[in-house]
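Visitor: mind folding the following:
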Amino acid sequence: MISKLIKALTRALLVALLVATPALVLPNVSSDATHIVILFSIFAGSLIFIEYFATYPSIVEFRYASPFNRLRFLAIFLTVFSLSVISRGRIEPTVLTNFLSNLGILVGHLIDFPYSPVRLMVIMLPDNASHELVVAVRTASGLSYMISLLTLAVFFIQMRILGWPARNGAFNVWINLPLFDPTAGGDVLPRLQRDGRLNIALGFLMPFLIPAIIKMMSDWVDPIYLDDPQTLIWTMSAWAFIPASLIMRGLAMGRVAELIDQNRKRAYAAAKGLQVI
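Guide: This is a model prediction of the structure:
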């Protein structure tokens, strides 16, 4: 019980720190913004604490299939922290801020080719956007997209080369997929495969669709105010992290379906062997 409490509390503190990172790193944050960030940090940390301290899962998937959630947390934390440091460097430059800024500018220019997600994010900006805002959006989108791609590559290696999740022991579908009902009609195998492909397709399309939708809606509603550093940080982080998270979920569900299919084939082969004997 004590070990479970400590682990749940540690995860809650890390999530609260993630939410508060931009407000902690950025200079000249208003008191109203700080109060809102503190409120969101407490709410997010409490939600994670309740989820991991509870005996049965409710919303967090792959709870007992590390390092799935650890990779996702590391990806979003690195993205938020890096973009926060870059934004701070525009006011208080240091060696770290200059390094991350130059890295983001380099990656942004490399990925900024026609019809790329980064190019679409730049095109999404209003026509009267300043040159500084265009550079900031290109830098932030390039760096966040690079982190998401590296996260997908690491997870793919974990899954295909290191044998995730089989190396962690038996995989319990109900515990690790609480939002997926294996008894809700039909064979669980094609449902897992269908949901996995749907998540991968949606995750692949979202970085392209979101800027296009925002651009089309800009004639009726005000565009996102990316001049504010915190808005820019969270917008770029969500734009890169959510699609990568969906692709990871799709790959994971496909892997689970593959393991179920292998277990079925072994069971059928064993049953046939017993019948022959």
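
Visitor: quick one: least confident helix or strand in the protein?
Guide: Lowest on mean pLDDT, DSSP states H and E among the helices and strands of the chain sits helix 173-176, with a mean of 82.

Visitor: report the buried residues of that helix.
Guide: Buried residues in helix 173-176, defined by neighbour count with 16 or more other C-beta atoms under 10 Å: Val173, Asn176. No exception for glycine: its C-beta is placed from N, CA and C like everyone else's.

Visitor: name the residues that touch it?
Guide: Tyr56, Pro57, Glu61, Phe62, Arg63, Tyr64, Ala65, Pro165, Phe180, Pro182, Val188, Val256 (C-beta atoms under 8 Å, 6 or more residues apart in numbering).

Visitor: tally of neighbours for the fifth one?
Guide: In this case it means Arg63. 20 (other C-beta atoms under 10 Å).

Visitor: helix or strand: which one has it?
Guide: Of the helices and strands defined by DSSP states H and E, none includes Arg63.

Visitor: and the pLDDT for the nearest residue to it once chain neighbours are set aside?
Guide: With sequence-adjacent residues excluded and distances taken as C-beta to C-beta, 6 or more residues apart in numbering, Arg63 is closest to Pro57, at 5.0 Å. pLDDT for Pro57: 71.

Visitor: what about the residue nearest to the spatial centre of the chain? Give its phi and psi, please.
Guide: Geometric centre of the chain, nearest residue: Phe241, 3.5 Å, by C-alpha atoms, centre = their mean. Phi and psi for Phe241, reported as degrees, to the nearest 10, are phi -80, psi -40.

Visitor: list the residues that contact it.
Guide: Arg72, Ala75, Ile76, Thr79, Ser144, Ser148.

Visitor: hmm, try it at 10 Å
Guide: Arg72, Ala75, Ile76, Thr79, Val80, Ser144, Ile147, Ser148, Thr151 (C-beta atoms under 10 Å, 6 or more residues apart in numbering).

Visitor: and it, how far is that from Asn28?
Guide: 26 Å (C-beta to C-beta, to the nearest Å).

Visitor: drop anything exposed from the contacts of helix 173-176.
Guide: Of the contacts of helix 173-176, these count as buried by 16+ other C-beta under 10 Å: Pro57, Glu61, Phe62, Arg63, Ala65, Pro165, Phe180, Val188, Val256.

Visitor: does Ser87 really touch Val137, like I thought?
Guide: No - taking C-beta atoms under 10 Å as the definition, Ser87 is not a contact partner of Val137, at 11.9 Å.

Visitor: name the residues contacting each of those two.
Guide: Leu232.

Visitor: what's the helix or strand for the residue nearest to Arg63?
Guide: Applying DSSP H and E, one finds Pro57 in no helix or strand.
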